[in-house]
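Chemist: okay, here's the prediction I keep looking at, along with the sequence it came from:
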Amino acid sequence: MDFILDYITVNTFWSILFMVHALLAVALLGALTHQAAAVFAPPRARVRMTAHAVAAGTAAHSACMIWSSMRAVRIG
């Protein structure tokens, strides 16, 4: 970890880490919101929504990958 601090300051490191964490949090929130909207929307409304075009397994896998990457950033 010290080799990173040879190139950037401590404040820059934490700023980058915070920005990555925030972007992943927004992406996860968006993924979960789209999944919930696809589940709770009436069948007629789904024609206008693009969230139903993705297979449920693919969407769930993507949300799990984002969540696990957030945990890696937070713990690591």
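Modeler: Cool, the structure landed.
Chemist: contacts, neighbours, all on C-alpha from now
Modeler: Will do.
Chemist: mind checking the SS state of residue 7?
Modeler: Of the three states, residue 7 takes coil under DSSP: H, G, I helix; E, B strand; the rest coil.
Chemist: any idea how far it is from residue 13?
Modeler: Note on residue 7: its distance to residue 13, by Cα to Cα, to the nearest Å, is 10 Å.
Chemist: quick one, which of the two is more surrounded?
Modeler: More crowded of residue 7 and residue 13, by other Cα atoms under 10 Å: residue 13, with 13 against 10.
Chemist: contacts only, for that one.
Modeler: Residues near residue 13 by Cα atoms under 8 Å, 6 or more residues apart in numbering: residue 5.
Chemist: what pLDDT does the model give residue 69?
Modeler: On pLDDT, residue 69 comes in at 72.
Chemist: tell me how many other residues crowd it.
Modeler: Neighbour tally, residue 69, other Cα under 10 Å: 15.
Chemist: which one is it nearest to, not counting chain neighbours?
Modeler: Once flanking residues are discounted, residue 69 sits nearest to residue 24: 8.0 Å by Cα to Cα, 6 or more residues apart in numbering.
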